[in-house]
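Undergrad: Using only what follows, build the 3D model:
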Amino acid sequence: MYRTEAPYNQLNLDILPNQDPLAPGESRAATVKYYVTRKKPKRL
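TA: The predicted structure follows:
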């Protein structure tokens with residue numbers, strides 16, 4: 001979610017991991033990076 005109104009203090013970051021079932025003993029990891037900027041995104 002991108003907000004244009006002041007005070008620019010909200011960002012919703014939804015992470016949708018792979019939903020395939022895991023076998024017993026298996027695990028899953030995810031790495032997420034985000035950056036804060038005042039530039040408008042090129043697309044929404």
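
Undergrad: Any idea which residue is closest to the centre of the chain?
TA: residue 13 (3.4 Å; Cα atoms, centre = their mean).

Undergrad: Please identify the helix or strand for that residue.
TA: Following DSSP states H and E, one finds residue 13 outside all helices and strands.

Undergrad: give the contact list for it.
TA: If a contact means Cβ atoms under 8 Å, 6 or more residues apart in numbering, then residue 13 has 32, 34 as its contacts. All C-beta spots, glycine's among them, are computed from the backbone N, C-alpha and C.

Undergrad: Stretch 14-32: how far from the chain's middle?
TA: 15 Å (Cα atoms, centre = their mean, to the nearest Å).

Undergrad: Identify all contacting residues around that stretch.
TA: residue 13.

Undergrad: what's the spacing between the residue nearest to the centre of the chain and residue 6?
TA: Using Cβ to Cβ, to the nearest Å, we find residue 13 at a distance of 20 Å from residue 6.

Undergrad: can you check residue 20 too?
TA: 42 Å.

Undergrad: and if you look at residue 31?
TA: To residue 6, residue 31 is 32 Å away according to Cβ to Cβ.

Undergrad: same thing with residue 19?
TA: 37 Å.

Undergrad: Residue 30 now?
TA: For residue 30 relative to residue 6 (Cβ to Cβ), the value is 32 Å.
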